[in-house]
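Novice: curious how this folds, go ahead:
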Amino acid sequence: MKTINHLLLVSIFSLASVAQADSAPYCWLLNTAMPGHGDTQLQLFDFNEQANQEANHRKKNKNRLVSGTASFDILTTPPFQHHTRLVTGSSTTVSDKIEISLHASEAENVPDSAQKRLWSGTYHLILDANTLNGIFLLRASEDDPQQTFNGEATFTQCE
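Specialist: Next up, the predicted model:
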């Protein structure tokens with residue numbers, strides 16, 4: 001089963017990589033203020049503008065599918081651990097706000113269940129369309145309905 005999941009993730013990443021070749025990435029630093037974790041670097045690519053041009057023109061909405069990675073360091077116990085999750089989701093532009101919803105790949109090789117929570121569940125970014133800065137929040141997951149995170153999303157140069 002683990003091999004099938006690995007192959008599925010590799011396939012998704014390969015498809016996203018092909019699509020990413022045509023677009024430049026957008027990057028943010030997400031500050032969770034979560035003890036023991038560094039900032040997350042989120043890197044996203046647009047890879048499919050959805051149809052429905054008439055509605056988009058009338059409402060000035062733009063709907064896109066996005067894909068990328070969320071990379072973060074766990075700093076609580078040496079040696080520090082670097083983790084990267086594949087993320088996929090959608091982006092909608094409404095008026096002067098951009099709303100992005102993301103789902104992350106399942107955490108593997110993370111020993112502490114509290115640390116697995118950082119990129120599990122659905123993340124939402126709400127960004128100013130002019131500056132691309134904003135906030136993010138984690139919606140409660142089915143496993144832990146009390147668990148929520150939020151913080152600042154700062155647009156940055158991709159490394």
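Novice: what about the helices in this structure?
Specialist: In chain order, the chain shows helices spanning 2-20, 53-59, 113-116, with DSSP state H as the criterion.
Novice: contact partners for residue 157?
Specialist: Residues near residue 157 by CB atoms under 8 Å, 6 or more residues apart in numbering: residue 27. No exception for glycine: its C-beta is placed from N, CA and C like everyone else's.
Novice: how near is it to residue 105?
Specialist: Taking CB to CB, to the nearest Å as the measure, residue 157 and residue 105 are separated by 25 Å.
Novice: returning to that earlier point: can you tell me which of the helices of the chain has the worst average pLDDT?
Specialist: Lowest mean pLDDT within the helices of the chain: helix 2-20, a mean of 38.
Novice: ok, now which ones touch residue 29?
Specialist: Each residue near residue 29 by CB under 8 Å, 6+ apart is listed here: 39-42, 153-154, 156.
Novice: just the buried residues of those.
Specialist: 39-42, 153, 156 (16 or more other CB atoms under 10 Å).
Novice: nearest to residue 98 among those residues?
Specialist: For residue 98, the closest of these turns out to be residue 153, at 10.4 Å, with distances computed as CB to CB.
Novice: rounded mean pLDDT for stretch 94-111, please.
Specialist: Averaged over stretch 94-111, pLDDT sits at 78.
Novice: whoops, I mixed them up, stretch 121-134
Specialist: Along stretch 121-134, the predicted local confidence has a mean pLDDT of 90.
Novice: quick one: buried residues of that stretch?
Specialist: 121, 123, 125, 127, 132, 134.
Novice: please identify which pair of those lies farthest apart.
Specialist: For those, the farthest-apart pair by CB to CB is 121 and 132; their separation is 23.0 Å.
Novice: isn't residue 152 up against residue 30?
Specialist: Yes: with the criterion set as CB atoms under 8 Å, residue 152 and residue 30 qualify as a contacting pair; they are 7.4 Å apart.
Novice: which of those two has more neighbours?
Specialist: Using other CB atoms under 10 Å as the criterion, residue 152 and residue 30 rank with residue 30 on top: 22 against 15.
Novice: quick one: contacts for that one?
Specialist: Listed by CB under 8 Å, 6+ apart, the contact set of residue 30 reads 39-42, 70, 136, 151-154.
Novice: with distance to residue 88 added, can I get the residues you listed in CSV?
Specialist: Listed next are those as CSV, based on distance: CB to CB, whole Å:
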residue, distance to residue 88
39, 21
40, 16
41, 17
42, 12
70, 11
136, 16
151, 21
152, 23
153, 18
154, 22
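Novice: fine by me, thanks again.
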